[in-house]
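# Predicted coordinates and the sequence they were generated for:
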Amino acid sequence: MTNVCERAFNAYTPEERLRALRYYFGQPEASAEELAEATGLSAVDLLSRHHGDGGHSHGFYGVRTCGLDWRRDTLAPQHQGDWPWWRDVIQAFWITGPLDGVNPLYPTNHAH
């Protein structure tokens, strides 16, 4: 049986997942392929991989507490191919919404 976090994550649509990663990288027009390259994961993983094992990662805190430059230039290279990290980045975006308020394309929301 999956827990509530897993069920909520598995319900995110491909577009919701991309929206979270576009925010993380500050690239509102990035394609799934561009984001796959930036994360070290496949586009299929980003769009449809289930929550899975791996416990909780600090990706949740990376998107909540770190600025764009640090997320993109320091954290992203350190977490290439790290599914739990990117999974938690996506989940954090939808749980808390973006906190910097800089980009009006991404208003704060509390979906799911």
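Received, thanks.
# max-length helix in this structure?
If you go by DSSP state H, the chain has its longest helix at helix 83-96.
# what ranges do the helices span in this structure?
4-10, 14-25, 32-39, 43-48, 59-65, 68-70, 76-78, 83-96.
# Output the first one as CSV - backbone C-alpha positions only.
These are the backbone C-alpha positions of helix 4-10, laid out as CSV (Å, rounded to 0.1, in the frame of the first residue of the first chain):
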residue,chain,number,x,y,z
VAL,A,4,-0.5,9.6,1.0
CYS,A,5,2.7,11.3,-0.3
GLU,A,6,3.3,8.6,-2.9
ARG,A,7,-0.4,8.7,-4.1
ALA,A,8,-0.3,12.5,-4.4
PHE,A,9,3.0,12.4,-6.3
ASN,A,10,1.8,9.7,-8.6
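# and that helix, average pLDDT?
Averaged over helix 4-10, pLDDT sits at 85.
# That helix - contacts with which helices or strands?
The contact analysis (3 or more CB pairs under 8 Å, 6 or more residues apart in numbering; DSSP states H and E) places helix 4-10 against helix 83-96. From N, CA and C alone the C-beta is placed, and that goes for glycine too.
# close enough to count as contact, Ala43 and Glu37?
No - with contact defined as CB atoms under 8 Å, Ala43 does not reach Glu37; the gap is 9.2 Å.
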